[in-house]
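Chemist: heads up, no residue letters with this:
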């Protein structure tokens, strides 16, 4: 039977389960800035003043929450570039930070290497206020020549990002990329040339390791969320900000006085269950404040979440590994209070399970990389039956915690 299979990069990405996406842009220093209401104006580069910026602190905090990869927003919608781009002057080169000799992207990659976290990069090709560009990457006031100039700028900046710092684990496009046939830059060809092993979120057609958006910014995937869509392996990533939406920026960027909006460790844990526990990866936003740090309140929530995660899923009370077939049985220790059932398919063999039942009472359709089921109290055993499958089920793990 023909079956969609993940690339080895997609398999690794799924195993990492938790990532962070880190936001720092001009709105951090000019909170009232709204690029769609102020076309023709961007905050001066001199306002970028994160004088205490410490990417080591960012990545330590991310790791404390269990994150194994991190995506830095290298250029958001203002157009300000967090690296010293050669393409234009609207970047850290014009900032008082480090007297214009700093490179946030370079620091970020060094910190990721230091702490064993895989680095990713976000680049918004679809919006750039400095260049007068709005969705889906079109010049607002200009003809074909202006569009071609912008396309060249995009490719030049991506070339810088994809050649200066080493392998990029995940490439993140917010809102996707305007297709070449509609007048957009040929990003797919550049990606295949410079970062062929990256997993690509909302990337252009023609790249090999695609990821898709789960459809909301709440960290909530559908209970049954297959990795295969339209016959293509493209697993979903469930992104959400680590602060509630108290402002027009949706909680992705830091704003003073919003410490009460920080998601608690309990909330982060629930979102783990509804993201990583539903066959998607969990991507948590990190707000960086005007000092250049992940704030203390936010950092404490991350650390507490990491502890809670380890306590919940540290050591199973019963476990089967690398098993085949449609029926599996686990007897739980006497007096044990089971809370969660964790099931994992061997996705190198594809997503085979299309229906299952637990103890004849809990039903589902998709397992995929990982499915976490909250169990009712006082369970003494687990009887898992695969009721429908494309081929012989191959389960990497069945565990009770």
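Modeler: All right, it came through fine. Note that this is a predicted model, so its numbers are computed, not measured.
Chemist: Surely residue 109 is within a helix?
Modeler: Yes: under DSSP: H, G, I helix; E, B strand; the rest coil, residue 109 falls within a helix.
Chemist: now it: how far from residue 103?
Modeler: Plainly put, residue 109 is 9 Å away from residue 103 if you go by C-beta to C-beta, to the nearest Å. (C-beta placed from N, C-alpha, C; glycine too.)
Chemist: Compare the two and say which is more crowded by neighbours.
Modeler: When neighbours are counted by other C-beta atoms under 10 Å, residue 109 and residue 103 differ, and residue 109 comes out ahead with 21 against 18.
Chemist: could you pull out the helices for the stretch 251-400 of the chain?
Modeler: With DSSP state H, counting those that start in this stretch applied, the stretch 251-400 of the chain shows helices at 265-273, 296-313, listed in chain order.
Chemist: what angle sits between the shortest one and helix 296-313?
Modeler: Here helix 265-273 runs at an angle of 50 degrees relative to helix 296-313 (axes from the mean of the first three to the mean of the last three C-alpha atoms, to 10 degrees).
Chemist: Next one: the closest residue to residue 360 other than its chain neighbours, what pLDDT does it get?
Modeler: The shortest distance from residue 360 to any non-neighbouring residue, by C-beta to C-beta, 6 or more residues apart in numbering, is to residue 383 (7.2 Å). The confidence metric pLDDT takes the value 97 at residue 383.
Chemist: what sits against residue 383?
Modeler: Applying C-beta atoms under 8 Å, 6 or more residues apart in numbering, we find residue 383 in contact with 327, 328, 329, 358, 359, 360.
Chemist: What residue, apart from its backbone neighbours, is nearest the second one spatially?
Modeler: Meaning residue 328. Distances taken as C-beta to C-beta, 6+ apart place residue 384 nearest to residue 328, at 4.6 Å, with adjacent residues excluded.
Chemist: Return the residues in contact with that neighbour.
Modeler: If a contact means C-beta under 8 Å, 6+ apart, then residue 384 has 327, 328, 329, 330, 341, 343, 356, 357, 358, 398 as its contacts.
Chemist: which among those end up buried?
Modeler: Buried by 16 or more other C-beta atoms under 10 Å: 328, 330, 341, 343, 356, 358, 398, out of the contacts of residue 384.
Chemist: Farthest-apart pair in the residues you listed, please.
Modeler: With distance counted by C-beta to C-beta, no two of the buried ones among the contacts of residue 384 lie farther apart than 330 and 356, which are 14.1 Å apart.
Chemist: Residue 78 contacts residue 25, doesn't it?
Modeler: Yes: the pair residue 78 and residue 25 qualifies as a contact (C-beta atoms under 8 Å) at a distance of 5.5 Å.
Chemist: between those two, who's got more neighbours?
Modeler: The neighbour comparison of residue 78 against residue 25 (other C-beta under 10 Å) goes to residue 25, with 25 against 22.
Chemist: List the pairing partners of the longest strand belonging to the chain within its sheet, with orientation.
Modeler: In terms of residue count, the longest strand belonging to the chain (DSSP state E) is strand 381-389. With DSSP bridges as the test, strand 381-389 is paired with strand 327-331 (antiparallel), strand 353-358 (antiparallel).
Chemist: Dump those to a markdown table, plus mean pLDDT and distance to residue 63.
Modeler: Output for the strands paired with strand 381-389, formatted as a markdown table (pLDDT from 0 to 100; distance: least, C-beta to C-beta, whole Å):
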| stretch | mean pLDDT | distance to residue 63 |
| --- | --- | --- |
| strand 327-331 | 97 | 32 |
| strand 353-358 | 98 | 32 |
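Chemist: Could you give the bridge partners of residue 228?
Modeler: Legend: beta-bridge partners of residue 228 under DSSP bridges are residue 233.
Chemist: related to what we said a few turns ago, reformat the strands paired with strand 381-389 as CSV; add distance to residue 192.
Modeler: Below are the strands paired with strand 381-389 laid out as CSV (distance: least, C-beta to C-beta, whole Å):
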stretch, distance to residue 192
strand 327-331, 41
strand 353-358, 33
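Chemist: can you tell which of these is closest to residue 305?
Modeler: With C-beta to C-beta as the measure, strand 353-358 is the member of the strands paired with strand 381-389 nearest residue 305 (26.6 Å).
Chemist: Outside of the closest one itself, list whatever touches it.
Modeler: Contacts made with strand 353-358 from outside it, assessed by C-beta under 8 Å, 6+ apart, are listed as 341, 343, 345, 363-368, 373, 382-390, 393.
Chemist: how far does it sit from the chain's center?
Modeler: Strand 353-358 has its C-alpha centroid displaced from the chain centroid by 28 Å (C-alpha atoms, centre = their mean, to the nearest Å).
Chemist: How about stretch 365-373?
Modeler: Stretch 365-373 has its average C-alpha position 19 Å from the chain's average C-alpha position, going by C-alpha atoms, centre = their mean.
Chemist: what about it, start to end distance?
Modeler: Start to finish, the residues bounding stretch 365-373 are 12 Å apart (C-alpha to C-alpha, to the nearest Å).
Chemist: which secondary structure elements does the worst-scoring helix or strand of the chain on mean pLDDT contact?
Modeler: With mean pLDDT, DSSP states H and E as the measure, the helix or strand of the chain carrying the lowest mean pLDDT is strand 138-139 (a mean of 89). Contact analysis of strand 138-139 by 3 or more C-beta pairs under 8 Å, 6 or more residues apart in numbering; DSSP states H and E lists helix 144-163 as its packing neighbours.
Chemist: quick one: contacts of the helix it packs on?
Modeler: Helix 144-163 has contacts (C-beta under 8 Å, 6+ apart) with 74-75, 81, 83, 85-88, 105, 121, 123, 125, 128, 131, 133, 137-139, 168, 183-187, 190-191, 194-195.
Chemist: Low-confidence bits of the chain, can you list those?
Modeler: With pLDDT under 70 as the threshold, the chain has low-confidence stretches at 1, 247-249.
Chemist: Now do the residue lying farthest from the centre of it against residue 318, distance only.
Modeler: Here the centre of the chain is the reference, and by C-alpha atoms, centre = their mean the most remote residue is residue 334, at 40.0 Å. Residue 334 sits 12 Å away from residue 318, taking C-beta to C-beta as the criterion.
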